[in-house]
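[1] this one's sequence-less:
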């Protein structure tokens, strides 16, 4: 089954369940989130073995899309990469979302039940937001695309499109804004490779679950700095994770500490402030 949007603007359904999203990450597993042009029969999106080079760190995205199967496929592809993605289906919901949450990337469909995605675009730019925004549209008229770009959109993608191109355009937007946080990080005796999706402590591989990997990435990017618990929560979970609360951060910190018990790097808890990754070696 092809993973491009059909002429009717639909994708095959590809929402993944929580158990699969929290499956274990083994050394060498791909984390780009780019599918290879197909959706498996079980609804999972296969990785693209051809994608190499710079890998963008985990993101918090907003997707504004009212076509269910299109939204399902996009959400699944980014969640599989490890990102948190909030899905809303109307202009009003989108405006509410951006009023309470900062995003790394916004994906806005132009045609929505209660208006146009360009209204959300205008609202975001009027708030002073510099978040990269990509417009999704079934309109092929050049005037519509020029109008969206002139109003502050960073890019656009015309349906039908392939999920690989969507991810590539998101990466390109982030590179243009110099927000790419990729690359191997070495801190203390930890070697963290987001491209290869591997973690080593003193040269020995450590197997982490997806969210444990995400948590370590957040702490490493902010190493030696105190990261508030709510900031970590916002990076790790989306609004769609309704059954999750701040206590989940403590749970994953505890799990990660156990995995790093033999490391000279430690996670310090600062009561009322957050967490800090320090090198005690």
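    Cool, got the structure. Everything quoted here is computed from the prediction, not taken from an experiment.
[2] I figured residue 233 was touching residue 249, is that so?
    Yes - using C-beta atoms under 8 Å, residue 233 is in contact with residue 249, at 5.3 Å. C-beta: built from backbone N, CA, C; applies to glycine.
[3] In terms of neighbours, single out the busier of those two.
    Remark: of residue 233 and residue 249, residue 249 carries more neighbours, 24 against 18, as counted by other C-beta atoms under 10 Å.
[4] quick one, phi psi at the residue most central in space within the chain?
    Centrality entry for the chain: nearest residue to the mean C-alpha point is residue 83, 2.5 Å, by C-alpha atoms, centre = their mean. According to degrees, to the nearest 10, the main-chain angles of residue 83 amount to phi -80, psi 160.
[5] Repeat that for residue 106.
    phi -120, psi 140.
[6] For the host helix or strand of residue 79, give the mean pLDDT please.
    Taking DSSP states H and E as the definition, one finds residue 79 inside helix 68-81. The average pLDDT for helix 68-81 rounds to 92.
[7] Buried residues, it. List them.
    Neighbour-count burial for helix 68-81, counted by 16 or more other C-beta atoms under 10 Å, picks out 69-81.
[8] tell me the contacts of the closest residue in space to residue 187 that isn't next to it in sequence?
    Among residues not flanking residue 187 along the chain, residue 223 sits closest, at 5.3 Å (C-beta to C-beta, 6 or more residues apart in numbering). Residue 223 is in contact with 185, 187, 277, 278, counting by C-beta atoms under 8 Å, 6 or more residues apart in numbering.
[9] Phi and psi next, for the last one.
    Pointing back at residue 278 there. Torsion angles, degrees, to the nearest 10, at residue 278: phi -130, psi 160.
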